[in-house]
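Colleague: Please find the sequence and the predicted model below.
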Amino acid sequence: MQIVNNLKINGMNTSINNYDAIEEMIYKEGLRIEAVDFHPELDVMLIILNTKAVLWQRLSSYKLLANASKENLLQYELISNGTGIHWNLLDEDLSLKGFLRDELRNVVKSNKDSLAA
């Protein structure tokens with residue numbers, strides 16, 4: 001039996017080209033970035049999704065955004081059908097996948113810390 005596009009791992013078939021769980025959620029749920037808002041004085045970037053969920057990131061987490069003026073921050077464009085953000089002037093690209101991965105990491109870390117208390 002020859003398997004070209006599939007791997008067999010612990011009795012489970014999985015395609016080599018499958019999305020990971022976060023990508024699958026983005027595409028199955030149709031998640032998209034609708035807008036981005038910046039508050040450099042608070043070191044905050046807000047990512048507003050089409051579901052009205054709001055994700056936040058620290059601007060200081062991104063070297064090219066950390067010292068950018070608000071005017072430069074506002075000169076972004078949504079790319080890849082709303083799954084990414086591009087700043088031409090700053091030569092920076094960020095993805096919805098990365099934002100969701102960070103959000104999940106923060107939730108898991110937060111819950112772990114509260115369980116230890």
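Modeller: Looks like it arrived, so ask away. Quick caveat, the model's predicted, so the values are computed rather than measured. Numbers count the residues shown, from 1 in each chain.
Colleague: where does this structure have low pLDDT?
Modeller: 1-18, 112-117 (pLDDT under 70).
Colleague: how about the strands in it?
Modeller: 6-9, 12-15, 33-39, 44-49, 54-58, 77-79, 84-87, 92-95 (DSSP state E).
Colleague: Of those, give the one that comes closest to Val108.
Modeller: Checking the strands of the chain against Val108 by C-beta to C-beta gives strand 54-58 as the closest, at 15.1 Å. To be clear about C-beta, it is placed using only N, CA and C from the backbone, and glycine gets the same treatment.
Colleague: Tell me, how many residues neighbour the nearest residue to Ser60 once chain neighbours are set aside?
Modeller: Nearest residue to Ser60, sequence neighbours excluded (C-beta to C-beta, 6 or more residues apart in numbering): Ala66, at 4.8 Å. Residue neighbour count, defined by other C-beta atoms under 10 Å, stands at 12 for Ala66.
Colleague: Ala66 touches Asn72, doesn't it?
Modeller: No: counting by C-beta atoms under 8 Å, Asn72 is not a contact partner of Ala66; they are 11.6 Å apart.
Colleague: hmm, back to that, can you say which of the strands of the chain is nearest to Arg105?
Modeller: The nearest among those, by C-beta to C-beta, is strand 54-58 at 11.7 Å.
Colleague: Strand 33-39 and the closest one, what's the angle between them?
Modeller: On the basis of axes from the mean of the first three to the mean of the last three C-alpha atoms, to 10 degrees, strand 54-58 is oriented at 40 degrees to strand 33-39.
Colleague: Sheet-wise, list the partners of strand 54-58 with their directions.
Modeller: If you go by DSSP bridges, strand 54-58 pairs up with strand 44-49 (antiparallel).
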